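Engineer: What shape does this take:
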Amino acid sequence: MQCALYSNGAIESQHGHLKRAIAQALLLRGSRDFESLGAYRAWIADFIGRRNARRAKMVRLECAALSELPSQRTSDYDEATVFVTSSSGFVLRRVFYTVPSRLIGFRLRVRLYDDRLECFHGDSRPVLTLRRGRSHGNGRRGHVVDYRHVIHSLRRKPMALLNLVYLDALFPRPAYRLTWERLIAAGDPQAACKIMVALLALAHERCCEAELAAVLTEQMGQEPEDVSVTTFTVDLLALRARFAPTAETMPEIVVNLPPVAGYDALLPSMGVAA
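Structural biologist: Okay, the predicted model is just below:
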């Protein structure tokens, strides 16, 4: 028993040493911000590679005593079963996830990986893949929200936007959050909810999320500095016209049919079959 405790303690203590070493390396780096998840993983891999290089001799001794790897990969995920509620989402490990409304009322089998969730419903292939979220340290739930999953419900009840518990996670880009703050500051919550829901619906239906965000950012940047934010407005008609689908016309196709008598010239070359 003492041997097992010592072995476990030796392993767990290394986890603590590694966490402290990473924290120190980030302090020396000067920032915890990375361009992408891939950049962070590359930095971690390089840091751990240099750290483990000092143990290369010990690793070679251990490798000589290791058995062959199993023929199949072991499971690197946890499984859970969730129920999709009428709010088009489910809660798993104190994190609320939204899913497409077509899955409301279904039970999903979920595989939890370190960075994602794969959701299954009676099939060997996942019906949905979600980014994995984390709950907050103060006990509050985390939220992984895709506005495209709930926009249809919000269009029926736009005022629900005002009191959404996951409002901070709803906006896909900073420009939408800033627009919401400007609209609320204008002093008319009902109009703000209707306009914001309409903007999110436009971004979803016209597949112009990034382009619309750029336009909103431009409009907010054109406001005079001496004008109060209470005058901020959004011209929905102009935006809908700007991102309206391009009207396409059917091409005019002219078919010239050869004269029937022209086929007689082919008969001699067909021989007996003619």
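Engineer: what about the closest residue to H136 other than its chain neighbours, neighbour count?
Structural biologist: Closest residue to H136 apart from its sequence neighbours, by CB to CB, 6 or more residues apart in numbering: G142 at 6.1 Å. To be clear about C-beta, it is placed using only N, CA and C from the backbone, and glycine gets the same treatment. Counted by other CB atoms under 10 Å, the residues lying close to G142 total 17.
Engineer: for G142, what are its contacts?
Structural biologist: 94-96, 133-136 (CB atoms under 8 Å, 6 or more residues apart in numbering).
Engineer: Would you mark the buried spots in stretch 143-154?
Structural biologist: Going by neighbour count (16 or more other CB atoms under 10 Å), the buried part of stretch 143-154 is 143-151, 153-154.
Engineer: Which members of those residues are positioned in helices?
Structural biologist: Among those, DSSP state H puts 147-151, 153-154 in helices.
Engineer: Out of those residues, flag the one nearest to L103.
Structural biologist: H149 (9.2 Å; CB to CB).
Engineer: per-residue confidence at that closest one?
Structural biologist: pLDDT recorded at H149 is 93.
Engineer: Can you name the residues that contact it?
Structural biologist: 88-89, 98-101.
Engineer: Identify the residue spatially nearest to it, adjacent ones excluded.
Structural biologist: T98 (4.0 Å).
Engineer: just L212 next, same as before
Structural biologist: Spatial nearest neighbour of L212, chain neighbours left out: A203 (5.0 Å); criterion: CB to CB, 6+ apart.
Engineer: show me the contacts for the one you found.
Structural biologist: By CB under 8 Å, 6+ apart, the contact set of A203 is 147, 172, 176, 209, 212-213.
Engineer: which of these lies closest to E62?
Structural biologist: Nearest to E62 among the contacts of A203, counting by CB to CB, is P172 at 47.1 Å.
Engineer: ok, the closest one touching Y147?
Structural biologist: Yes - using CB atoms under 8 Å, P172 makes contact with Y147 at a distance of 5.9 Å.
Engineer: just checking, S101 touches R155?
Structural biologist: No - shown here, S101 and R155 do not form a contact pair, counting by CB under 8 Å, at 11.7 Å.
Engineer: which one of those two has more residues nearby?
Structural biologist: Comparing S101 with R155 by other CB under 10 Å, the one with more neighbours is S101, at 17 against 13.
Engineer: show me what contacts the more buried one?
Structural biologist: 88, 149-150, 152-153.
Engineer: could those be laid out in CSV, adding distance to L267?
Structural biologist: Output for those, formatted as CSV (distance: CB to CB, whole Å):
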residue, distance to L267
S88, 69
H149, 67
V150, 70
H152, 65
S153, 70
